[in-house]
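Q: the following block contains a protein sequence and its predicted model.
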Amino acid sequence: MFETLNGFGEEPTRMVSVPVPGRAPWRAVQVAGSLDDTIRVMESAGVLLLLLGMALFVALGTAGASLTNRVFSAIDDVVRHAQRIGEAYLTERLAHPGPHDEIGRLVDTLNDTLARLDHSFEAQQRFTADASHELRSPLSRLRTEIELALRRPRAPAEYEATL
């Protein structure tokens with residue numbers, strides 16, 4: 001059994017009493033020691049733990065900021081490259097960042113979207129070229145007929161028939 005003695009001296013003292021086996025019940029060994037060193041160690045440990053906690057907090061904050069900057073830098077690179085790709089450069093693709101994480105899947109999705117857009121624009125250009133070609137022949141024929149009709153004066157009925 002132990003007890004702390006506050007009025008024993010200038011500093012608190014801890015006293016431990018242990019009965020001696022095989023002797024009369026009134027015999028015991030008592031040991032007392034100052035708690036001054038223990039209190040100083042506990043105070044130092046508290047300050048040390050506080051400083052270590054603050055250092056850990058700063059280290060985790062720095063590591064988190066670094067990781068966040070690296071991730072956002074990769075996203076920013078993808079955004080800048082995507083902004084450079086215009087209608088004339090639809091065959092260009094975004095560079096894959098490497099790992100197949102969320103950013104990698106985003107780049108794959110954007111590249112697939114660019115491929116579909118490129119295919120759609122090519123189909124639209126083919127249609128426009130085909131339609132232009134198909135319209136040129138009848139318009140050329142119509143122009144020729146009108147020019148022939150205007151070469152010499154004709155009666156209004158002939159002009160109407162030609163038109």
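A: Received, thanks. Numbering: from 1, shown residues only.

Q: if I look at residue 64, how far off is residue 70?
A: Residue 64 is 11 Å from residue 70, where distance means CB to CB, to the nearest Å. Where you see a C-beta, it was placed from the backbone N, CA and C, and this is true even at glycine.

Q: apologies, that question was intended for residue 20.
A: 68 Å.

Q: and what of residue 160?
A: Separation of residue 160 from residue 70 (CB to CB) stands at 78 Å.

Q: try residue 152
A: Distance from residue 152 to residue 70, by CB to CB: 82 Å.

Q: residue 130 too?
A: 50 Å.

Q: cool, and residue 128?
A: Separation of residue 128 from residue 70 (CB to CB) stands at 45 Å.

Q: so residue 16 is in which element?
A: Assigned by DSSP states H and E, residue 16 falls within strand 13-19.

Q: can I see the domain layout of this structure?
A: For the chain, automatic domain parsing gives the domain ranges 1-34, 36-84, 86-163.

Q: using JSON lines, lay out these together with mean neighbour count and mean pLDDT.
A: Below are these laid out as JSON lines (neighbours: other CB atoms under 10 Å; pLDDT from 0 to 100):
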{"stretch": "domain 1-34", "mean neighbour count": "11", "mean pLDDT": "80"}
{"stretch": "domain 36-84", "mean neighbour count": "11", "mean pLDDT": "91"}
{"stretch": "domain 86-163", "mean neighbour count": "11", "mean pLDDT": "84"}
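
Q: against which helices or strands is the strand or helix carrying residue 132 packed?
A: Per DSSP H and E: residue 132 is located in helix 102-149. On a contact count with 3 or more CB pairs under 8 Å, 6 or more residues apart in numbering; DSSP states H and E, helix 102-149 meets helix 36-84, helix 156-162.
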